[in-house]
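In: Structure for the following, please:
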Amino acid sequence: MLSQLLAQFLPALIDALTPMLVAVIAALIYRWTGVQVEQKHMLALQSALQNGARLLLAGKTVDDAIDYVARSVPDALETFRSGDRSRIAELLAPHIAALPKNVIAGGGPLPSGQLGSRAVVIGAAGGVSTQ
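Out: Numbers count the residues shown, from 1 in each chain. Model prediction:
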């Protein structure tokens, strides 16, 4: 009697639970791999920002640094919705401020870049401001 009852309801129960189990497993895999992709983009963006800031030490402008970042990591910028030039300049600012001050030749001001109606000004002391 019990075996007949199980034979009737067990296949229906398995059919009902299988899609839910697959959905849970898929969500866990997506969550794990999604975090890894986000970390990869974050590391790539930070590296590009650091390298872009270092361009200033080679006599390039802030615009050159922004162009470098935009060309280097377009996927990361898209992921974090940071693709416009003013946002890239904001992300570059702490990296520029962290540049070694004694490496700047002559102690003069670093070049300034024009960002549409906003200018990014970088002083010899490493300070960064937008106007």
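In: so how far is Ser47 from the residue lying closest to Thr79 once chain neighbours are set aside?
Out: Residue nearest to Thr79 in three dimensions, not counting chain neighbours: His41, with 4.7 Å by C-beta to C-beta, 6 or more residues apart in numbering. (C-beta placed from N, C-alpha, C; glycine too.) His41 sits 11 Å away from Ser47 when distances are taken as C-beta to C-beta, to the nearest Å.
In: Same drill for the two, tell me which one is more crowded.
Out: Neighbour count, other C-beta atoms under 10 Å: between His41 and Ser47, His41 has more, with 17 against 14.
In: show me what contacts that one?
Out: Val73, Asp75, Ala76, Thr79, Phe80 (C-beta atoms under 8 Å, 6 or more residues apart in numbering).
In: can you give me the strands in this protein?
Out: Using DSSP state E, the strands assigned to the chain run over residues 113-115, 118-122, 128-130.
In: Need the mean per-residue confidence for the first one.
Out: This points to strand 113-115. Mean per-residue pLDDT for strand 113-115: 40.
In: Next: stretch 16-28.
Out: Averaged over stretch 16-28, pLDDT sits at 83.
In: Leu49 - nearest residue in space that isn't next to it in sequence?
Out: Counting by C-beta to C-beta, 6+ apart, Leu49 lies nearest to His95, which is 4.9 Å off, once chain neighbours are set aside.
In: shouldn't that neighbour be in contact with Ala48?
Out: No: in this structure His95 lies outside contact range of Ala48 using C-beta atoms under 8 Å: 9.7 Å.
In: With pLDDT, distance to Ile88 and neighbour count as added columns, please give the contacts of His41 in TSV.
Out: Converted to TSV, those look like this (pLDDT from 0 to 100; distance: C-beta to C-beta, whole Å; neighbours: other C-beta atoms under 10 Å):
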residue	pLDDT	distance to Ile88	neighbour count
Val73	93	10	24
Asp75	91	14	12
Ala76	90	11	23
Thr79	85	14	17
Phe80	86	11	15
